[in-house]
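S.K.: Generate a structure from the sequence data that follows.
(one chain, ligands or ions: 1)
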Amino acid sequence: MPTLKIFPGRIAQNAQHLKKLCGLQGVDLVGVTKVTLGDPIVATEMLGAGLRTLGESRLANVERLHKTGISHHMVLLRTPPSHEVKQAVRLVDTFLVSELGPLKTILEAAFEEGRECNITYMVDTGDLREGVYYKEAVEEITEAARIAGKSLTGIGTNLGCYGGVIATPEKFEILLEIGSKVEKKTGQPIKVYSAGNTASLPLVEKKTVPEGINQFRLGEAIICGTDVTNNRNVPGTRQDTFILSAEIIELKTKASVPEGMIGQDAFGRKPVFADKGKRLRAILNAGEQDIYSSGTIPLDEGAEVLHASSDHLIVDVHSCRKSFRVGDRMQFRLSYGSLLRAMTSPFVSKVYEHAI
Ligand SMILES: *Cc1c(COP(=O)(O)O)cnc(C)c1O
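M.R.: A predicted model of the protein is given here:
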């Protein structure tokens with residue numbers, strides 16, 4: 001089985017660094033564990049680094065955290081489907097919502113359970129994922145405040161995830177403006193301005209976060225030390241937080257261009273090939289079910305991932321100085337997307353490493 005080594009101590013270092021950096025701008029951090037499926041050890045490291053709030057997108061992950069005794073303030077990052085609301089209000093302290101219907105359902109369920117709940121109403125500032133479109137936001141959030149009363153504690157936005165939209169101070173000014181208009185209309189304070197995910201981190205680094213923005217929800221930067229939207233490693237963080245290893249099950253020299261007419265591959269992708277002559281290629285026991293091939297980066301110098309189908313990962317090892325044999329293992333770094341698959345796959349064993 002491929003093995004995923006998890007280095008919790010390194011994730012803690014990332015969390016400490018980012019907490020300090022955000023603190024300088026008056027921004028509090030929500031530690032997002034969803035890519036690890038609510039891994040309690042990873043969450044514990046984040047809490048140990050001084051984070052007080054955790055963010056999760058799926059209730060099963062929240063339950064997993066709760067079962068191990070983690071009862072810190074929990075933010076549910078995605079509106080729960082209706083059948084999960086009753087259970088959700090028992091486990092979650094803050095809900096991110098973007099519709100009035102689910103808002104009412106959540107408030108009613110919380111009331112029935114005798115639980116307090118906080119609402120962060122989401123605004124779409126252009127990325128086109130969740131949230132009320134910013135030009136229509138004042139009206140809808142004013143209505144939300146009328147329904148939720150003091151349970152409406154904040155508003156938020158998310159960038160980068162669908163449209164790949166880059167964060168700018170102007171995007172966050174929009175959020176602040178909407179908040180102050182809603183406050184004027186309702187007389188109720190908006191306490192939390194939850195501005196971003198990892199895609200928005202450059203603003204913290206450049207110290208251009210507008211005053212008033214006081215919360216970031218960070219997953220990728222803490223867990224992987226990367227920022228895929230801006231195509232970079234986050235300065236001051238480590239990227240060796242997870243390492244995947246898989247076994248070579250075939251090692252043969254083959255042509256670099258297939259023979260015959262080229263259709264689509266197993267996933268409907270149209271492969272392209274550069275003719276580099278005959279190459280030594282390793283096939284490993286992992287595939288798209290376990291990793292995302294274009295986000296799987298060999299640690300051996302000269303090695304290059306060519307492709308993967310559901311169960312076969314093909315790596316060009318022709319230019320490697322190291323000589324491999326069938327049965328050897330190769331190691332890889334993973335992108336956030338590839339890590340998501342590795343964590344989710346039951347065919348990848350997870351091992352915690354104490355090395356720093
Ligand atoms: C996943 C998620 C985050 C964290 O995003 P990263 O890019 O991993 O930092 C923040 N907010 C919401 C709403 C999310 O769904």
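S.K.: Please make it C-alpha for all contacts and neighbour counts, starting now.
M.R.: Fine.
S.K.: Leu4 pairs with what?
M.R.: Note on Leu4: beta-bridge partners by DSSP bridges are Leu244, Lys350.
S.K.: Next one: Arg64 from Lys350, what distance?
M.R.: Computed as CA to CA, to the nearest Å, the Arg64 to Lys350 distance reads 16 Å.
S.K.: Quick check, pLDDT for Phe267.
M.R.: Note on Phe267: pLDDT of 85.
S.K.: For it, which residues are in contact?
M.R.: Shown in contact with Phe267 (CA atoms under 8 Å, 6 or more residues apart in numbering): Ser309.
S.K.: So it: helix, strand or coil?
M.R.: Three-state call for Phe267 (DSSP: H, G, I helix; E, B strand; the rest coil): coil.
S.K.: tell me, how many neighbours does His312 end up with?
M.R.: Using other CA atoms under 10 Å as the criterion, His312 is surrounded by 18 other residues.
S.K.: Can you report phi and psi for the nearest residue to it once chain neighbours are set aside?
M.R.: Excluding its sequence neighbours, the residue lying closest to His312 (CA to CA, 6 or more residues apart in numbering) is Gly287, at 4.8 Å. Per-residue torsions, Gly287: phi -160, psi -170 (degrees, to the nearest 10).
S.K.: quick one: Gly302 and Arg321 touch, right?
M.R.: Yes. In this structure, Gly302 is within contact of Arg321 by CA atoms under 8 Å, at 7.4 Å.
S.K.: How about the residues of the stretch 251-356 of the chain by the ligand?
M.R.: Residues of the stretch 251-356 of the chain lying near the ligand by CA under 6 Å from any ligand atom: none.
S.K.: What ranges does the stretch 251-356 of the chain have for its helices?
M.R.: Remark: helices assigned in the stretch 251-356 of the chain by DSSP state H, counting those that start in this stretch are 336-344.
S.K.: in it, what residue is nearest the ligand?
M.R.: Tyr336 (7.9 Å; CA to the nearest ligand atom).
S.K.: That residue against Ala221, yeah?
M.R.: No. Look at Tyr336 against Ala221 with CA under 8 Å: they stay out of range, at 9.3 Å.
S.K.: For these two, indicate the residue with more neighbours.
M.R.: Using other CA under 10 Å, the more surrounded residue of Tyr336 and Ala221 is Ala221, with 27 against 22.
S.K.: Can you find the residue of the stretch 1-150 of the chain that comes nearest to the ligand?
M.R.: Counting by CA to the nearest ligand atom, the stretch 1-150 of the chain gets nearest to the ligand through Leu77 (4.6 Å).
S.K.: Run through the residues that contact that residue.
M.R.: Applying CA under 8 Å, 6+ apart, we find Leu77 in contact with 55-58, 95-96.
S.K.: Return the subset of the residues you listed lying in strands.
M.R.: Mapping the contacts of Leu77 onto strands (DSSP state E) picks out 55-56, 95-96.
S.K.: So among the residues you listed, which ones count as buried?
M.R.: Listed as buried from these are 55-56, 95-96; burial here means 16 or more other CA atoms under 10 Å.
S.K.: So what are the sheet partners of the helix or strand hosting Gly31 and their directions?
M.R.: Element membership for Gly31 (DSSP states H and E) is strand 28-32. Within its sheet, strand 28-32 is paired with strand 53-56 (parallel), strand 215-218 (parallel), according to DSSP bridges.
S.K.: got a markdown table for those, with distance to the ligand and mean pLDDT too?
M.R.: Listed next are the strands paired with strand 28-32 as a markdown table, based on distance: least, CA to the nearest ligand atom, whole Å; pLDDT from 0 to 100:
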| stretch | distance to the ligand | mean pLDDT |
| --- | --- | --- |
| strand 53-56 | 8 | 98 |
| strand 215-218 | 4 | 98 |
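S.K.: Output these as CSV; include the columns distance to Lys19.
M.R.: Formatted as CSV, the strands paired with strand 28-32 follow (distance: least, CA to CA, whole Å):
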stretch, distance to Lys19
strand 53-56, 12
strand 215-218, 10
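S.K.: domain parsing for the protein?
M.R.: If you go by automatic domain parsing, the domain ranges for the chain are 8-233, 242-352.
S.K.: any idea which of those domains is most buried?
M.R.: Among the domains of the chain, ranked by average contacts under mean count of other CA atoms under 10 Å, first place goes to domain 8-233 (a mean of 20).
S.K.: Straight-line length of it, end to end?
M.R.: End-to-end distance of domain 8-233: 18 Å, with CA to CA as the criterion.
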